[in-house]
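Student: here you go, sequence then predicted model.
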Amino acid sequence: MSTTQSERLRELLEPLVTSQDLDLEEIAVDSVGRKRVLRVVVDSDTGADLDQIADVSRALSAKLDESDAMGAGEYTLEVGTPGAERLLKEHRHYVRAVDRLVKFQLTEGGELVARILKVDDDGLDLEVPGVKGRKATARRLGFSEVDKARVQVEFSRKDKNEEEA
C-alpha cells in the first residue's frame, strides 16, 4: 500500500474509530489473488468487544462506500483487534500490557522475557521470572534499550483473583 493511500485511509477512518472510543492501531491493504483485503486493527485500554468491533466495522464500511479511498475495484473489509501476541510499539501498548509476560529484543543484542509491572514516560519496571527454583528479580528497562517487544501467550498463569484468595 502506498504511503499516500495509507495516510489517506488513516485520515478518513481514524475519526470514526476514535468516535467509538477506540484507537486505530493499524491499516493494511493486501492483495489475495485478484481480490484486495483492507485490514483495520483497533483497540482500547479496556479492549474491544464484539459489539464494538461490529459497530466500528459498519461505520467504516459506510464511510468507505461513500468515498473513493479504495478505488473502484472490489475489496473485503476486515476489522479486528491486535491479537494475543501483539507487538508493542506505542507507549499505550506497554501500558495495556501491564501484568503481561513480554519477550524483549534488546537494542544491544539478546533477549529478555519478563512481566511488566509498571510503565512510566522513561521505561518499564519488570519482574524477571526465576529460573530453576530461584526467586524472580526486579529490573528496570528504559525504552531506548528495547528494539522490539511482543506479548507472550500464557496458558497456565494464575488469575490475580486466584492469587489473592
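Tutor: Arrived safely, thanks for sending.

Student: which of the helices or strands spans the residue of the chain most remote from its centre?
Tutor: Distance from the centre of the chain peaks at Gly133, with 32.7 Å (C-alpha atoms, centre = their mean). Using DSSP states H and E, Gly133 falls within no helix or strand.

Student: just the C-alpha atoms of stretch 51-71, please, in CSV.
Tutor: Taking Å, rounded to 0.1, in the frame of the first residue of the first chain, the C-alpha atoms of stretch 51-71 are listed here in CSV:
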residue,chain,number,x,y,z
ASP,A,51,-20.3,-5.3,19.7
GLN,A,52,-17.7,-2.5,19.4
ILE,A,53,-16.0,-4.3,16.5
ALA,A,54,-19.3,-4.7,14.7
ASP,A,55,-20.3,-1.1,15.2
VAL,A,56,-17.0,0.3,14.0
SER,A,57,-17.0,-2.1,11.1
ARG,A,58,-20.4,-0.9,9.9
ALA,A,59,-19.3,2.8,10.3
LEU,A,60,-16.1,2.2,8.4
SER,A,61,-17.8,0.3,5.7
ALA,A,62,-20.4,3.1,5.2
LYS,A,63,-17.6,5.7,5.1
LEU,A,64,-15.5,3.7,2.6
ASP,A,65,-18.6,3.2,0.4
GLU,A,66,-19.2,7.0,0.1
SER,A,67,-15.5,7.7,-0.6
ASP,A,68,-13.1,6.6,-3.4
ALA,A,69,-10.3,5.8,-0.9
MET,A,70,-10.2,2.2,-2.0
GLY,A,71,-10.7,2.9,-5.7
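
Student: tell me the mean pLDDT over it?
Tutor: Stretch 51-71 comes out with an average pLDDT of 91.

Student: equivalent analysis for stretch 103-117, please.
Tutor: 95.

Student: next one: stretch 82-89
Tutor: For stretch 82-89, mean pLDDT rounds to 86.
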